[in-house]
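# here you go, sequence then predicted model.
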Amino acid sequence: MAYAASGLTRLAGASNGNLWFYTTADAIATVNTEGYFNSAANMLNVRDVIMVADTNTPTTSFVSVLSNTGSVVDVSNGTAIVETDGD
């Protein structure tokens, strides 16, 4: 699939760092591909953190914006949130 603007919501922050929530059916391996967030280049800043919720798997990961040229956005590979329920 591809980036969908309707899935991205800014949760908190300011011009020097923002926290975003992104809901998608895409796997983290797709989301962390350079260029995936290009359509949001005007909103995302280097060091912004995006919580990615994959509704298909379901899994949740954190990615950070590593670079943004103004047209090409690259995010980190992602750090998975361990979602276990041992009770």
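It's in.
# got a pLDDT number for Thr84?
What the model reports for Thr84 is a pLDDT of 83.
# swap in Asn16?
81.
# one more: Gly78?
So, for Gly78, pLDDT stands at 95.
# parallel or antiparallel, list what pairs with the longest strand belonging to the chain.
Secondary structure of the chain per DSSP state E: the longest strand is strand 59-68. Strand 59-68 has its sheet partners listed here by DSSP bridges as strand 49-54 (antiparallel), strand 73-75 (antiparallel), strand 79-80 (antiparallel).
# center of this protein, which residue is that?
Ile50 (3.9 Å; Cα atoms, centre = their mean).
# centre of the chain to the longest strand of the chain, how far?
5 Å (Cα atoms, centre = their mean, to the nearest Å).
# ok, now stretch 64-75?
11 Å.
# tell me which residues of it are tucked away?
65, 68, 73-75 (16 or more other Cβ atoms under 10 Å). No exception for glycine: its C-beta is placed from N, CA and C like everyone else's.
# thinking again about what came up before, nearest spatial neighbour of the residue nearest to the centre of the chain, skipping sequence neighbours?
Trp20 (4.3 Å; Cβ to Cβ, 6 or more residues apart in numbering).
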